[in-house]
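Visitor: Got a predicted structure here, sequence first:
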Amino acid sequence: MKNNKFNKIRLIFTLILLISATVSNAQISKIELRATGLTCSMCSNAIFKQLESISEVDSVETDLNTNTFIVFLKKGNTINPKTFKEKVEKAGFFIGVFIVTALPEILDQSIYILIDGKPKKQAEIKFQVLDKGYVTEKEFKKLAKTYKDIATYSTNNENDFHIKILN
Amino acid sequence: MRWIIIIIVLLGFQKTHGQELFVVTDPASNVPANSLAVNIMQSSFKEKFEKGYNYHLMPEVTYGLSKNLMFRGSAFISNRNNQLYAEGGSLMAKYRFYSMDDLNSHFRLAAYGRYSFNRADIHQEQVEILGHNTGFETGIIATKLVKKLAISTTVSYEKAFDNRPQYDFPSNFGDNATNYTLSFGRLMYPKKYTSFKQTNINIMVEFVGQTINENGKTFFDIVPAIQFIFNSQVRIDLAYRKELYSSMLRTAPNGVYFNLYYTFFNLKKRNDNGK
């Protein structure tokens, strides 16, 4: 009898989890970004505080030696890379590497333009944003040559993101 | 002169991260947008022609309006008349107009302007709108991080007016000058970061010079400093300023600085239900 009740509760929990998973469709779960041009932990702290102030952010982990920030996002967020770029630049710095971990459905959104790699069937995909402001300036100069035939890449529209699949 | 060269050489060969939070000069970088930095700057300089020390207290508030623009307000308090006296104040704006950042380096340029007023007596040829003269200063700053060493240089034009209401600028002094600075900074500790709580220790050396445009009178100072940063938020500077060369009248060229800095990040709190 007791066991039966427990099973019911478990079933309800599983259902809730399943429902919330389908609702939080196409969301980003994690961002890994490397900031450029900084020299001190006080500067990293400025970026850390900016990232922490984003309401969709759950927690931020930092590697001060490489100025890498791993940002975990809340479920059901609708955030896109632009928010992070603005926050890092507000702290006075720039993004050198920007890697997104998200559900594969994210690629259905027209703001993401796949220009390198093919997504495989898996639970989560990982991709790097290659636009100006998400790579170092040197890197961007190289990429601009590589992708000179992709019209949207060279227009530098702030609201679309050209991506390379990493996994 | 030899120990100056030794310091520079030592700075150049340390394999740690560079620093640019200088004591007597500003880097081309600004305080973060929407952040407020409060600085209590104190200095005590030995009087050359009389007994005692000239003490200055300079509280300073810096606000980052955007990623490129910051403002600073300062007040000047001194004991020149044997008791603490509010002599004047200053307003400054700095605009970063160029940034070239890479993973472990950056090159930045900024322009700044400052206006100060002061009602103290004018007692030296050195033009100094930070705590002595009424006047303005405008200049360009270039800051470069090369292989983890921060180097910054400033060139500025400074002009003094009368210290109203009582003291006119002496007509036999040159009232405008060219300033030039060169600063080096290094992080000495920690060798490897583990957390924001770690205390950082920086050493820096700055060279500060001025030439009065009318008559070519010049001074040149060196300012070695040690800096502690606690909790990535509180900064303490201890510096010594020494005159290396001077052909102008200065009443108290040598002395020490003691600065206490605190940064309030993200003044406007998040406006939603975040944690």
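Guide: Structure received. Numbers count the residues shown, from 1 in each chain, chains lettered A, B, ... in the order given.
Visitor: is the strand or helix carrying B:E158 anywhere near chain A?
Guide: B:E158 belongs to strand B:149-160 when elements are defined using DSSP states H and E. Yes: Strand B:149-160 comes into contact with chain A (Cβ under 8 Å from any Cβ of the partner chain), by way of B:A150. C-beta: built from backbone N, CA, C; applies to glycine.
Visitor: where does the very next helix or strand once past that strand sit relative to the chain's centre, distance-wise?
Guide: Next helix or strand after strand B:149-160 toward the C-terminus (DSSP H and E): strand B:176-189. For strand B:176-189, the separation from the chain centroid amounts to 8 Å (computed by Cα atoms, centre = their mean, to the nearest Å).
Visitor: ok, residue 43 - contacts?
Guide: Since you didn't name a chain, this refers to chain A. Residues near A:C43 by Cβ atoms under 8 Å, 6 or more residues apart in numbering or on different chains: A:91-93.
Visitor: nope, chain B
Guide: B:55-56, B:58, B:255-258.
Visitor: Got the confidence number for B:F265?
Guide: Note on B:F265: pLDDT of 87.
Visitor: my read: it touches A:E52, true?
Guide: No: contact status for B:F265 versus A:E52: not in contact, 9.1 Å apart, counting by Cβ atoms under 8 Å.
Visitor: With neighbour numbers in mind, choose between the two.
Guide: B:F265 (22 against 18; other Cβ atoms under 10 Å in any protein chain shown).
Visitor: continuing past the helix-or-strand element of chain B with minimal mean pLDDT, what's the next helix or strand?
Guide: Ranked by mean pLDDT, DSSP states H and E, the weakest helix or strand in chain B is helix B:2-13, scoring a mean of 52. Downstream of helix B:2-13, the next assigned helix or strand under DSSP H and E is strand B:36-46.
Visitor: in the helix or strand just after that following strand, what's buried?
Guide: Where DSSP H and E defines the elements, the next helix or strand beyond strand B:36-46 is strand B:53-64. The neighbour-count check on strand B:53-64 (16 or more other Cβ atoms under 10 Å in any protein chain shown) flags B:54, B:56-60, B:62-64 as buried.
Visitor: just the contacts of A:C43 now: which is nearest B:I129?
Guide: A:G92 (26.1 Å; Cβ to Cβ).
Visitor: Where does the closest one sit: helix, strand or coil?
Guide: Going by DSSP: H, G, I helix; E, B strand; the rest coil, the secondary structure assigned to A:G92 is coil.
Visitor: Am I right that it is in contact with B:P27?
Guide: No: with contact defined as Cβ under 8 Å, A:G92 does not reach B:P27; the gap is 10.4 Å.
Visitor: Chain A: helices as residue ranges?
Guide: Applying DSSP state H to chain A gives helices spanning A:2-23, A:41-52, A:81-90, A:137-146, A:151-154.
Visitor: coming back round to it: may I see the buried residues of strand B:53-64 arranged in TSV, with pLDDT and distance to chain A as well?
Guide: Shown next, in TSV, are the buried residues of strand B:53-64 (pLDDT from 0 to 100; distance: Cβ to the nearest Cβ, whole Å):
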residue	pLDDT	distance to chain A
B:N54	92	31
B:H56	95	25
B:L57	96	24
B:M58	96	21
B:P59	97	20
B:E60	96	17
B:T62	95	13
B:Y63	95	13
B:G64	93	8
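Visitor: Distance to B:Y193 added to the residues you listed, as JSON lines?
Guide: Putting the buried residues of strand B:53-64 into JSON lines (distance: Cβ to Cβ, whole Å) gives the following:
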{"residue": "B:N54", "distance to B:Y193": "40"}
{"residue": "B:H56", "distance to B:Y193": "35"}
{"residue": "B:L57", "distance to B:Y193": "34"}
{"residue": "B:M58", "distance to B:Y193": "31"}
{"residue": "B:P59", "distance to B:Y193": "31"}
{"residue": "B:E60", "distance to B:Y193": "28"}
{"residue": "B:T62", "distance to B:Y193": "25"}
{"residue": "B:Y63", "distance to B:Y193": "28"}
{"residue": "B:G64", "distance to B:Y193": "24"}
